[in-house]
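Asks: I'd like to go over a predicted model; first the sequence, then the structure.
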Amino acid sequence: MTVTADTETDASQQAVAERVRKIREAQDVGVSRAEGWRRRGPLLPALIFMIVVTQIPFLFTLYYSTLSWNLVRPGSRQFVGLQNYISVVKDSQFWTVALNTVVLIVVVVIVSAFLGLLLALLLDRAFLGRGIVRTLLITPFLVTPVAAALIWKTTILDPTNGILNWVLSLVGIGKVDWIGQFPLTMVMVVLIWQWTPFMMLLILAGLQSMPRDILEAGRVDGAGAFQLFRELTLPHLRRFIELGVVLGAIYLVNTFDAIYMLTQGGPGIASANLPFYIYQRAFLGFDMGQAAAYAVVVVIFTMIIASFALRLIFKSFSGKEEAA
Amino acid sequence: MTTTVEKVTETTAPATASKKKSREFSPWAVVAWLVGLGFFFPVFWMVLTAFKQEGDAATSPPTLFFTPTLDQFKAVFEQGIGPAMANSLFATGISTLLVLLLGVPAAFALSLRPVRKTQDALFFFMSTKMLPIVAAILPLYVIVSYIGLLDNIWALVILYTSMNLPIAVWMMRSFFLEVPGELLEAASLDGASLWRSVREVILPLVSPGIAATALICVIFAWNEFFFAVNLTAVNAQTMPVYLVGFIAGEGQYWAVLSAAATMAALPVILCGWFAQNKLVRGLSFGAIK
């Protein structure tokens, strides 16, 4: 009963809010030009700064991608149109690296979201020292990624003296050259270690925003723990998990530190992703035109994820503002 | 009135429940502790190794009992961690300051009732965060070397400001939105005494938000590696770039390497622990509180 009453008041409140918004908009048009600029004023320095620092370089990247330009060949800046893009598509390495990028993002995001969900469920119940356990769990996300990769590469995954091989030797498993044999997997392991806490934090925030009385009501109605989870908790968490997945994907497109420190993209390009490959092309191969074309491809790739992300974030914002 | 009553019951009920439950023993608590310690282990191992002598560091089986020493930290300072740390502090500190100077007013403007086009600015700020940084690095490298800022810490200051500004604008906006709307509007319309009303009414209300935003910016700026490794060399190298030097001594000097890694990671870990309640808000652009 309360539920229906709530939705009714919500609906009427929304209608009122909508009307207020329209009236305000109408007023805004009437707001004097000076007043409008005074309201926008504080926004302008930040806006101009961001346009200059982030948009102009990107326009240059677009321009560079149409040039045949090698930094070590002076006088090599000729316009070649879409030539660079054609060689990107023809480059067999590009497809390997693109696939690595997708695999890395998808695996890391899905595994860390799943682990994050489990950890969040563990932490949602009260127990002695919960605050300390939470603090311990978020630490991997805070550790400087370069430092984390360095520690994993040496003290943990090293074939001769790494602690992982020592632990495995206790159960009779011989020494494994983890990074040499499974380079991309090990990059993903370290990333999952760092990103699981991120997912956990988002999902935990979702769990804690869950109205307790609904769960209580479900329990009174005789629903089992698993049923409660599937029918009530998971639908409520959906938005948080989606947001975590999309944000995680956006941050992970930029993955560079872990690859640079653990494998240098190797052997060959077996564990390189697009940012690392572009870095190699530009700063080790000095091929600016080619690298720029790759960069533009990455942007297109990211925009596809980003369009989902923006929609989701705005959905959660409007959802919240309606509720408020 | 009803809302206040609801709020009171909401806040007190879980508190009493948790007190009751925390006294009960539950196997899940043991699981949670084990998982927590497991995730923390690499960090623990890093700090532990930093206090070993080199002879105890790279051994199999691992050395658990040893006489702790500060030798490795001394060695790290002799190997020039000082300037790298100063660079990191400078880039992090100044960029965070700039982010707040630019971002807090912007967020204020964006939380007032909208004037035409201001909402588009919100979209724009977020969309810059979704542009992969690799897409900008080539021209940035060219521009930075053209204006003579290659291997100069100011290049990083500017880039870190642009990297954190969108997060700060969104996060601060979410804090401004919690301030009663009438207060915000009054402050913005109050012509002559605008600055005074902002300073005396609004800023005290959002100062916890500013602190949290600053901490998030510090974390991201301190840990940043991609710009740093591409745009700096010796003079302006930051802590993460300094750490790269230790790959060279592959497997040889784990103790000193751990000491350096500890020095790099510790400041941010502490900031993060301190800001952990606001971490989610920063990471989700204020979408989740």
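Replies: Thanks, I have it. Numbers count the residues shown, from 1 in each chain, chains lettered A, B, ... in the order given.
Asks: going forward, measure contacts between C-alpha atoms and count neighbours the same way
Replies: Fine.
Asks: from the middle of its chain, how far away would stretch A:252-272 be?
Replies: The chain centroid and the centroid of stretch A:252-272 are separated by 17 Å under CA atoms, centre = their mean, to the nearest Å.
Asks: Quick one: end-to-end distance for that stretch.
Replies: 13 Å (CA to CA, to the nearest Å).
Asks: Briefly note if that stretch comes near chain B.
Replies: Yes - under the criterion of CA under 8 Å from any CA of the partner chain, chain B is reached by stretch A:252-272 at A:Val253, A:Asn254, A:Phe256, A:Asp257, A:Met261.
Asks: among those, which ones are buried?
Replies: A:Val253, A:Asn254, A:Phe256, A:Asp257, A:Met261 (16 or more other CA atoms under 10 Å in any protein chain shown).
Asks: Could you tell me which of these belong to helices?
Replies: If you go by DSSP state H, those have A:Val253, A:Asp257, A:Met261 in helices.
Asks: Quick check: the first one touching A:Thr302?
Replies: Yes - A:Val253 is within contact range of A:Thr302, at 7.3 Å (criterion: CA atoms under 8 Å).
Asks: any common contacting residues for the two?
Replies: Common neighbours of A:Val253 and A:Thr302, counting by CA atoms under 8 Å, 6 or more residues apart in numbering or on different chains, are B:Pro132.
Asks: Centre-most residue in chain A?
Replies: Central residue of chain A (CA atoms, centre = their mean): A:Gly248, 2.0 Å from the mean position.
Asks: Counting neighbours, what do you get for the nearest residue to that one once chain neighbours are set aside?
Replies: Computed as CA to CA, 6 or more residues apart in numbering or on different chains, the closest residue to A:Gly248 that is not its neighbour in sequence is A:Val109, at 6.3 Å. Number of residues near A:Val109 (other CA atoms under 10 Å in any protein chain shown) recorded here: 25.
Asks: Would you double-check that A:Val109 falls in a helix?
Replies: Yes - applying DSSP: H, G, I helix; E, B strand; the rest coil, one finds A:Val109 inside a helix.
Asks: ok, now which ones touch it?
Replies: By CA under 8 Å, 6+ apart, A:Val109 lies in contact with A:Ile192, A:Trp195, A:Val245, A:Gly248, A:Ala249.
Asks: B:Pro204: which of those residues is nearest?
Replies: Using CA to CA, A:Gly248 comes nearest to B:Pro204 of the contacts of A:Val109, at 33.1 Å.
Asks: Please tell me the pLDDT value assigned to the closest one.
Replies: Confidence at A:Gly248, expressed as pLDDT, is 89.
Asks: What strand or helix carries it?
Replies: helix A:234-253 (DSSP states H and E).
Asks: and that helix, which residues are buried?
Replies: A:234, A:236-237, A:239-250, A:252-253.
Asks: which SS class is B:Thr63?
Replies: Classification of B:Thr63 using three-state DSSP returns coil.
Asks: Around the residue nearest to it when sequence neighbours are not counted, how many other residues sit close by?
Replies: Once flanking residues are discounted, B:Thr63 sits nearest to B:Asp56: 5.8 Å by CA to CA, 6+ apart. As a burial measure, B:Asp56 scores 18 neighbours (other CA under 10 Å).
Asks: Contact residues of the stretch 151-300 of chain A facing chain B?
Replies: Within reach of chain B by CA under 8 Å from any CA, the stretch 151-300 of chain A has these residues: A:151-152, A:154-156, A:158, A:160-163, A:166, A:193, A:198, A:201-202, A:205, A:243-244, A:247, A:250, A:253-254, A:256-257, A:261, A:275, A:278-279, A:282, A:288, A:292, A:295-296, A:298-299.
Asks: Find the closest residue to chain B in the stretch 1-150 of chain A.
Replies: Of all residues in the stretch 1-150 of chain A, A:Leu43 sits closest to chain B, at 3.9 Å by CA to the nearest CA.
Asks: Enumerate every residue touching the residue in the stretch 101-250 of chain B that chain A sits nearest to.
Replies: As assessed by CA to the nearest CA, chain A sits closest to B:Ala106 within the stretch 101-250 of chain B, at 3.9 Å. By CA under 8 Å, 6+ apart, B:Ala106 lies in contact with A:Pro42, A:Leu43, A:Leu44, A:Pro45, A:Ala46, B:Val169.
Asks: Tell me the buried residues within those residues.
Replies: Among those, those that count as buried by neighbour count (16+ other CA under 10 Å) are A:Pro42, A:Leu43, A:Leu44, A:Ala46, B:Val169.
Asks: Which of these fall in strands?
Replies: With strands taken from DSSP state E, there is no overlap with the buried ones among the contacts of B:Ala106.
Asks: Give me the lowest-pLDDT entry from those residues.
Replies: Within those, pLDDT reaches its minimum at A:Pro42, with 85.
Asks: so who does the residue nearest to B:Thr63 touch?
Replies: Taking CA under 8 Å, 6+ apart as the contact definition, B:Asp56 lies against B:Pro62, B:Thr63, B:Phe66.
Asks: My guess is the second one contacts B:Gln53. True?
Replies: In other words, B:Thr63. No - look at B:Thr63 against B:Gln53 with CA under 8 Å: they stay out of range, at 10.4 Å.
Asks: tell me the angle the longest helix along chain A makes with helix A:234-253.
Replies: Counting residues, the longest helix found in chain A (DSSP H) is helix A:288-323. Relative orientation of helix A:288-323 versus helix A:234-253 (axes from the mean of the first three to the mean of the last three CA atoms, to 10 degrees): 160 degrees.
Asks: Give the rounded mean pLDDT of helix A:288-323.
Replies: On average, the pLDDT along helix A:288-323 is 76.
Asks: which regions of chain A sit below the pLDDT cut-off?
Replies: Along chain A, the model assigns pLDDT under 70 to residues A:1-32, A:314, A:316-324.
Asks: Please list the outside residues in contact with stretch B:85-92.
Replies: Applying CA under 8 Å, 6+ apart, the external contacts of stretch B:85-92 come out as B:153-154, B:156-157, B:160, B:217-218, B:221-222, B:236-239, B:264.
Asks: Try it again at 7 Å.
Replies: B:Ile153, B:Leu156, B:Val157, B:Val218, B:Ala221, B:Trp222, B:Ala236, B:Gln237, B:Thr238, B:Met239 (CA atoms under 7 Å, 6 or more residues apart in numbering or on different chains).
Asks: just to revisit the earlier point, give the ChimeraX command for selecting the buried subset of the contacts of B:Asp56.
Replies: Listed next is the ChimeraX selection for buried residues among the contacts of B:Asp56, using 16+ other CA under 10 Å:
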select /B:62
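Asks: follow-up on the earlier one: tell me which of the residues of stretch A:252-272 next to chain B is nearest to B:Phe25?
Replies: For those, the residue nearest B:Phe25 by CA to CA is A:Asp257; the value is 41.7 Å.
Asks: Nearest residue to the closest one in space, please, no chain neighbours.
Replies: Of all residues beyond its chain neighbours, the one nearest A:Asp257 is A:Val146 (5.8 Å), with distances taken as CA to CA, 6+ apart.
Asks: tell me the contacts of that neighbour?
Replies: A:Asp257, A:Ala258, A:Met261, B:Pro240.
Asks: Make CSV out of those residues and add distance to A:Gln83.
Replies: Converted to CSV, those look like this (distance: CA to CA, whole Å):
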residue, distance to A:Gln83
A:Asp257, 31
A:Ala258, 32
A:Met261, 33
B:Pro240, 37
